[in-house]
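Q: here's a sequence, model it:
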Amino acid sequence: MPVDPAVAAPMSAAPVPARLSLPPKGACWYCDKPLDSVRRFCGKSCADSFDEEAEYNR
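A: Here you go, the predicted structure:
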């Protein structure tokens, strides 16, 4: 039975990390270090830690 590509595509797409949906707030979302009005995290380690904690708390 063939699968409709419109239905199959969303299931095979990689999940979007929760951090991409966060608005910039002027501070790191993980450690609250002050940042500019564009960035969400102060570095890769905080972004990775945020993702790990979000996955654990799902």
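Q: how about the helices in this protein?
A: 5-12, 44-56 (DSSP state H).
Q: which one of these has the lowest average pLDDT?
A: Ranked by mean pLDDT, these bottom out at helix 5-12, with a mean of 50.
Q: go through stretch 42-50 and flag the buried ones.
A: For stretch 42-50, a neighbour-count test (16 or more other C-beta atoms under 10 Å) marks C42, C46, A47, F50 as buried. Every residue, glycine included, has its C-beta placed from N, CA and C.
Q: let me have those residues in TSV, extended by distance to P23.
A: Formatted as TSV, the buried residues of stretch 42-50 follow (distance: C-beta to C-beta, whole Å):
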residue	distance to P23
C42	16
C46	16
A47	15
F50	14
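Q: list the contacts for the residue lying closest to E53 once chain neighbours are set aside?
A: Excluding its sequence neighbours, the residue lying closest to E53 (C-beta to C-beta, 6 or more residues apart in numbering) is Y30, at 7.9 Å. By C-beta atoms under 8 Å, 6 or more residues apart in numbering, the contact set of Y30 is F41, C42, C46, A47, S49, F50, E53.
Q: equivalent analysis for K33, please.
A: So K33 contacts A27, C42, C46 (C-beta under 8 Å, 6+ apart).
Q: list the contacts of the closest residue to C31 other than its chain neighbours.
A: Among residues not flanking C31 along the chain, C46 sits closest, at 5.5 Å (C-beta to C-beta, 6+ apart). The contact partners of C46, taken as C-beta under 8 Å, 6+ apart, are C28, W29, Y30, C31, K33.
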